[in-house]
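**Student:** When you get a sec, could you give me coordinates for this:
(one chain, ligands or ions: 1)
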Amino acid sequence: MNIILMGPPGAGKGTQAKILEETRGLKQLSTGDMLRAEISAQSPLGVRVKAIMDAGELVSDEIVIEMISNRVEQADCAKGFILDGFPRTVAQAEALDKMLCDKDKCLNAVIQLSVDEAALLARIEKRAAESGTVRADDNAETLKKRLEAYRAQTAPILPYYEGKGMLQTVDGMADIDVVTGQIAAILDKAAQAA
Ligand code: AMP
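**Tutor:** Numbering: from 1, shown residues only. The predicted structure is shown next:
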């Protein structure tokens, strides 16, 4: 079972991906995490992408496509994978289709966790006020920027998957258990269709 999990920051992607890893043995593949690991390791690739990532821009399609192409071949992806943060452009989505097709590992579902941005911002502000400390990530301003980046950079690929009849949307503001149940239902249905 190979899926794409999409959604803006705060939608609960990380939580749901972890649950899918535990319950279905899928492997979460986050291009952001992979690139950050390259930077930490100060690899040639890490050195190349650091300034781009620091500026909040997208690294080139070629880089992320090659990274994912190599990664899905590894043994821990045998039961399938959850793509997180990839694809981010239509060119990446098209390249992914071709690459997976060549490897005989088709995509089974594209699941978008939707959020109510105003409610999300209110939640983050409340948490920061209650804790007294403002974690950089929880900062409302940072969140606003990341929501904008998602809308500008990633949301445009939704119509691509919608057009293929593959896009499923789940309300990411619902309770975790409810979201988990809805994702499970989508995956079970996709497994039957496969
Ligand atoms: P993320 O952790 O997914 O928010 O990604 C952090 C940063 O890594 C992004 O701002 C981009 O600079 C880079 N990045 C991650 N995934 C991709 C991708 N699929 N295409 C291009 N750049 C990416």
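**Student:** Contact partners for the residue nearest to residue 153 when sequence neighbours are not counted?
**Tutor:** Sequence neighbours aside, residue 88 is the residue nearest to residue 153 in space, at 5.8 Å (criterion: CB to CB, 6 or more residues apart in numbering). C-beta: built from backbone N, CA, C; applies to glycine. Neighbouring residues of residue 88 by CB atoms under 8 Å, 6 or more residues apart in numbering: 31, 58, 64, 153, 154, 157.
**Student:** thought the second one was touching residue 52?
**Tutor:** Read it as residue 58. Yes - counting by CB atoms under 8 Å, residue 58 does reach residue 52; the two are 7.5 Å apart.
**Student:** Settle it for me: which of these two has more neighbours?
**Tutor:** Between residue 58 and residue 52, counting by other CB atoms under 10 Å, residue 58 is the more crowded of the two (18 against 14).
**Student:** contacting residues for the more buried one?
**Tutor:** Contacts for residue 58 (CB under 8 Å, 6+ apart) come out as 52, 88, 89, 153.
**Student:** got it, and residue 173?
**Tutor:** Residues in contact with residue 173 (CB under 8 Å, 6+ apart) are 114, 115, 116, 119, 120.
**Student:** before we move on, the earlier item: filter the contacts of residue 58 to keep only those in contact with the ligand.
**Tutor:** Contacts with the ligand within these, as defined by CB under 6 Å from any ligand atom: 52, 88.
**Student:** Could you list which of the contacts of residue 58 belong to strands?
**Tutor:** Judged by DSSP state E, strands contain none of the contacts of residue 58.
**Student:** so which of the contacts of residue 58 comes closest to residue 17?
**Tutor:** Taking CB to CB as the measure, residue 17 lies nearest residue 88 of these, at 16.5 Å.
**Student:** Just the helices from this structure, written as ranges.
**Tutor:** Secondary structure of the chain, counting by DSSP state H: helices at 13-24, 31-40, 44-54, 61-71, 90-103, 117-131, 140-149, 158-163, 176-193.
**Student:** As JSON lines, those helices with mean pLDDT would be great.
**Tutor:** Formatted as JSON lines, those follow (pLDDT from 0 to 100):
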{"stretch": "helix 13-24", "mean pLDDT": "96"}
{"stretch": "helix 31-40", "mean pLDDT": "96"}
{"stretch": "helix 44-54", "mean pLDDT": "94"}
{"stretch": "helix 61-71", "mean pLDDT": "96"}
{"stretch": "helix 90-103", "mean pLDDT": "94"}
{"stretch": "helix 117-131", "mean pLDDT": "81"}
{"stretch": "helix 140-149", "mean pLDDT": "83"}
{"stretch": "helix 158-163", "mean pLDDT": "94"}
{"stretch": "helix 176-193", "mean pLDDT": "95"}
